[in-house]
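# compute the structure for the input listed below.
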Amino acid sequence: MMKKILCITGPTASGKTRRAVDAALALGGEIVSGDSRQVYRGMDLGTGKDLDEYGPVPYHVIDVAPAGSKYNLYEYLRDARRAIEDISERGRVPVVCGGTGLYVESLLKGMCLPEVPEDRELRQSLEGKSLEELTAILAAMKTLHNVTDVDTAKRAIRAIEIQTYYDRHPETEELTAPARPLDAVIVGVEIGRDERRERISRRLRARIDGGMIQEVERLLGEGIAPEDLIYYGLEYKFVTRYVIGEITREEMYSGLEIAIHQFAKRQMTWFRGMERRGFHIHWLPWDMSREAFTEACVRLYRGEEAKKN
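Here you go, the predicted model:
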């Protein structure tokens, strides 16, 4: 039987990982990632794994797929549920931490998905279309995907491919319908727009200075095709384009900074949508002391009222 889950979510650069680790230590828990890119091995700085922050806390669904592969929602739900079941069976508390709204919401809903095979004919018919055209196609479909989570043409094509499969196989609708929702307490790390922008810009500078360009060069040197790294979007999209000479360093930095700010805004849009869809997110200030934030998480998990000061 699965234990109650504590889920800590929020936009990028809000400090989720540290908060989740502190809560896991207090509750006797283990972390289950809710991030769509931290699953890839060797993609560390660009995905913000911050593995040194975990200390003695075990983590799951991180480094489970090779860089260059296309890990998807079906695989995530399978792996995350297995991790949660394993943690629960050992009497520990599952602490889901991540900001990929689609992954987190689908997991908490209890959603199960069939594996969707590649449709080469459909992919060929979509090749050459712009991201804007593909996004419009996706938006017009009855889709599980949120168009804000798609920032490259390849990702959009895959999303269309998945939804097309469901449309052509109506028997899968029963499989994709949410099962019993997971018993979870959701805590959101609330951070103001100005503070979020400042933290994003500061973290981006630190990552570039810390070797993010070298990380991409290493991945390319290992034989991963540039288009496969660009597929992952954000850091890997812009840094790869810089490394292969498509854009200047200034264009890389400014374009990436803008893209991350836009991404954070889209994340908040998703979380507000989750609330409209019936999820209760307990928002706690990003600048609460570690002790106060952890105490609030523990109280909420135990069904008590949290103090926000």
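# hang on, residue 30 in a strand?
Yes. Looking at residue 30 with DSSP: H, G, I helix; E, B strand; the rest coil, it is inside a strand.
# measure it to residue 86 for me?
The spacing between residue 30 and residue 86, counted by C-beta to C-beta, to the nearest Å, is 9 Å. (C-beta placed from N, C-alpha, C; glycine too.)
# got any residues that touch both of these two?
When contacts are counted by C-beta atoms under 8 Å, 6 or more residues apart in numbering, residue 30 and residue 86 are jointly contacted by residue 60.
# so these two - more neighbours on which side?
Under the criterion of other C-beta atoms under 10 Å, the comparison of residue 30 against residue 86 puts residue 30 first, with 21 against 14.
# return the helix or strand in the chain with minimum mean pLDDT.
Of all regular secondary-structure elements in the chain, judged by mean pLDDT, DSSP states H and E, the least confident is helix 172-176 with a mean of 62.
# just checking, next helix/strand downstream of it?
Of the helices and strands lying after helix 172-176 in sequence (DSSP states H and E), the nearest is strand 184-190.
# which strands or helices does that following strand pack on?
Using 3 or more C-beta pairs under 8 Å, 6 or more residues apart in numbering; DSSP states H and E as the contact definition, the elements that strand 184-190 packs against are strand 5-9, helix 16-27, strand 281-285, helix 290-301.
# contact partners of that strand?
Outside strand 184-190, the residues that reach it (C-beta under 8 Å, 6+ apart) are 4-11, 14-16, 19, 23, 96, 108, 271, 279-286, 296-297, 300-301.
# name the residues of that strand that are buried.
184, 185, 186, 187, 188, 189, 190 (16 or more other C-beta atoms under 10 Å).
# can you list the residues you listed in TSV and add pLDDT and distance to residue 36?
As requested, the buried residues of strand 184-190 are exported to TSV (pLDDT from 0 to 100; distance: C-beta to C-beta, whole Å):
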residue	pLDDT	distance to residue 36
184	97	19
185	98	22
186	98	18
187	98	20
188	98	18
189	98	18
190	98	22
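# can I get the residues you listed in CSV with distance to residue 155?
Shown next, in CSV, are the buried residues of strand 184-190 (distance: C-beta to C-beta, whole Å):
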residue, distance to residue 155
184, 27
185, 31
186, 26
187, 28
188, 25
189, 26
190, 28
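# so which of these comes closest to residue 35?
Relative to residue 35, the closest of the buried residues of strand 184-190 is residue 189; by C-beta to C-beta it sits at 14.1 Å.
# so where do the helices sit in the stretch 51-200 of the chain?
When secondary structure is read from DSSP state H, counting those that start in this stretch, the stretch 51-200 of the chain shows helices at 73-89, 101-109, 120-126, 131-139, 153-168, 172-176, 193-209.
# can you pull out the low-pLDDT segments for the protein?
Applying pLDDT under 70 to the chain picks out residues 142-151, 172-179, 305-309.
# which other helices and strands contact the longest helix seen in it?
The helix spanning the most residues in the chain, taking DSSP state H as the definition, is helix 249-276. Of the remaining helices and strands, those touching helix 249-276 by 3+ C-beta pairs under 8 Å, 6+ apart are helix 101-109, helix 193-209, helix 234-243, strand 281-285.
# quick one: which of the ones you listed is nearest residue 46?
Comparing the helices and strands packed on helix 249-276 under C-beta to C-beta, the one sitting nearest is helix 234-243, at 3.7 Å.
# does anything pack onto that closest one? Which helices or strands?
Packing contacts for helix 234-243, counted by 3+ C-beta pairs under 8 Å, 6+ apart, involve helix 212-221, helix 226-230, helix 249-276.
# and stretch 22-34, how far out from the chain's middle?
Its chain's C-alpha centre lies 17 Å from the corresponding centre of stretch 22-34 when counted by C-alpha atoms, centre = their mean, to the nearest Å.
# cool, stretch 193-203 as well?
When distances are taken as C-alpha atoms, centre = their mean, stretch 193-203 is centred 19 Å away from the chain's centroid.
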